[in-house]
Every structure is written in C-alpha cells, then in structure tokens.
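**Q** Show me the folded form of this:
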Amino acid sequence: MDSTVGDEGDHYTLTSDSDLEESPSKKAACRTAKVRRRGVMDRARHSLTIVRLVDMGFTKEDAEASVKEIGDDLDACMLWIISKIEERQFYEDLNRASIQSERSKHDDEKRVKKLEKEELARADKFMVVFSTSYMVCAESTASHLENLLLYTIDQVHGGSYLREVLSELMKLEGKSIRWYKEASRSYMVELAARLDAAVETHDVMTCCARASANDVSSPNGCKFVRKVLEEIKALKTALFEMPTNQGGVPQAFLECDEATKFDLEDDGFEVVESND
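**A** Sure thing, here's the model as predicted:
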C-alpha cells in the first residue's frame, strides 16, 4: 500500500516490498527475450563456424553436420569431419574391393566353364570326364541310358545341346558325390532309371542330338532332353536350396536309400500302454 508523508512541504511516497517484485508475465517475457538473444547468438556462432570450416576446404554438408553434432568448437568439428571422411573412404574401398572380387570370381567362373565346355567338346569319350558317375555303376540297371552315355553320345557333335545338358547334369552329380559321397548314390541310381525310361524309345541321333534350347519347350520338342532338364532342376533344388535335410544331407537323397531312409512317423520309441 502506498502512503504520502508531508514534512515542511516535501512529499514522499512509500512503496511496499510487494510492489518492487516483477509480475510473472514480465519475468516470462524477460526469459523469452534472453532465449531469443541466445538463439540468435548461437546461430551466428554456428554460421561462423560453418563458414570457417568451408573456407578450410570441407564441404558445407560435412560442416553443418559437424556443428550439429559437436557445436562451435572448430578443432573438435575438424576431427569429427576427418573421422567421418575416413570412415566413408573405408566403406567405399571395402565396397569397391567386394565388387572387384565378385567381378573377378564371375570372370573366373566363366573362364572355367568355357574351358570345361571346350574340354568336353574335344573329348573322344564323353564319360572319361565323369568316370565316378553312379548313373553307370554296376548297381544301376539303366542299360539304355548307360549305352547313351558310354557310346552313343560320343557320336554326337561336341557343341550340341544334348551334350550341354547332359554335361550340366553330370557336373551336378559330381558335386553331389564330392559333398555327400555314398549318400547320393541311391538318388543318382534312381535318377538314371527315370532317364532310362525316357530314352528307351528314343532314336538319339535323329531326335535328341538335333534338339535345341529353343524348341525343347514346344510340344514337338525332344521329350528326353526335357526330362534331363527336369532332373537338373530337381537336383539343383536338393543341393542348393535344400528345402529339407537330415543331418546336413538333402532329404531327397535319404528318401532314396533304404539303409538311411528317415521315417518321420517313427521316432524310435516304443509306446507302452499303462493300466495305472
């Protein structure tokens, strides 16, 4: 409360302590002004630091990112940018090396395939290259297929599509033997029997030997070559996709072998009924 005191004509105004305190709204306005001034000053410092970093040769993007991450410490920003540049360079080099490695690997594979194809085309005896094949082993009863692989195929031109698809099948069998050894025997013997049934009524020289990749899918295309392609697809699935396996061996192999066939319904335990 204000009061006036008179003394010989002079007047004094007395003000209470509560009147000296600023109102909440005024305090809030002051704080807002301070924050605004601080923001303006921070932006100015940020801009100055960015300009200095750009003048030193760094990109504007890196400069802005460093200030956002570090603040206005010029030296710290420089170190941060350099570390990021080195990190980017490392991953770029790694990616470049990976691409080069894949390209070299692809080129090597193409070179090997070309050499293999040339070797097969020059070979007087087709099966000399695939001497470990189970499809012509003593256990196999595929006599027509065996005759084709051991004798007739040698009369077919080295660049024919028939030799190409049979070569692919035999190479897949080679991988099966190398990876799974005896576990692949029964599968390959059964595969040979399926092909034997397909080639039994075929005149190889007038039909299969003249087949091409373009006409195989047509209704009048060679049925035997089509069957070989089906077996290639199935074997690739068993080897590389391996939808099911037991102990790391493709299920398709185990299902063909009576000695190792795995019956999912038989868990090896005997069920005993209890009267308790």
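**Q** Endpoints of stretch 144-164, how far apart?
**A** Stretch 144-164 stretches 19 Å from its first residue to its last (CA to CA, to the nearest Å).
**Q** In the stretch 101-250 of the chain, where is pLDDT below threshold?
**A** Low-confidence segments of the stretch 101-250 of the chain (pLDDT under 70): 117-123.
**Q** residue ranges for the helices of it, please.
**A** 143-150, 161-180, 185-199, 223-236 (DSSP state H, counting those that start in this stretch).
**Q** Pipe those helices into a markdown table and attach distance to Y91 per row.
**A** All C-beta atoms are positioned from the backbone trio N, CA, C, and that covers glycine. Formatted as a markdown table, those follow (distance: least, CB to CB, whole Å):
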| stretch | distance to Y91 |
| --- | --- |
| helix 143-150 | 51 |
| helix 161-180 | 35 |
| helix 185-199 | 44 |
| helix 223-236 | 34 |
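**Q** wait, what's in contact with the spatially most central residue of the chain?
**A** In the chain, the centroid-proximal residue (CA atoms, centre = their mean) is E102; its distance is 12.7 Å. Under the criterion of CB atoms under 8 Å, 6 or more residues apart in numbering, E102 has no contact partners.
**Q** Tell me how far K60 lies from R52.
**A** 12 Å (CB to CB, to the nearest Å).
**Q** what's the closest of the helices of the stretch 101-250 of the chain to A97?
**A** Comparing the helices of the stretch 101-250 of the chain against A97 with CB to CB, the closest turns out to be helix 161-180 (28.4 Å).
**Q** which of the helices of the stretch 101-250 of the chain is buried the deepest?
**A** Sort those by mean neighbour count, taking mean count of other CB atoms under 10 Å, and helix 185-199 sits at the top with a mean of 20.
**Q** Other residues contacting that helix?
**A** By CB under 8 Å, 6+ apart, helix 185-199 touches 133-137, 139-146, 148, 173, 176-177, 208, 223-224, 227-228, 231, 235, 238, 252-253, 256-258.
**Q** Ok, stretch 79-89 next?
**A** L53, F58, D62, A63, A65, S66, E69, I70.
**Q** Give me the buried positions along it.
**A** For stretch 79-89, burial by neighbour count (16 or more other CB atoms under 10 Å) applies to W80, I81.
**Q** What's the separation between Y187 and P250?
**A** 8 Å.
**Q** nope, N214 is what I was after
**A** Here N214 is placed at a distance of 32 Å from P250 (CB to CB).
**Q** Of these two, which one has the most company?
**A** Ranked by neighbour count (other CB atoms under 10 Å), N214 and P250 place P250 first, with 25 against 9.
**Q** wouldn't the more buried one be in contact with L235 here?
**A** No: using CB atoms under 8 Å, P250 is not in contact with L235; the gap is 9.3 Å.
**Q** residue contacts, T141?
**A** By CB under 8 Å, 6+ apart, the contact set of T141 is A193, D196.
**Q** go again using 7 Å as the cut-off
**A** Listed by CB atoms under 7 Å, 6 or more residues apart in numbering, the contact set of T141 reads A193.
**Q** How about C256?
**A** For C256, the contact set (CB under 7 Å, 6+ apart) comprises S186, Y187, E190.
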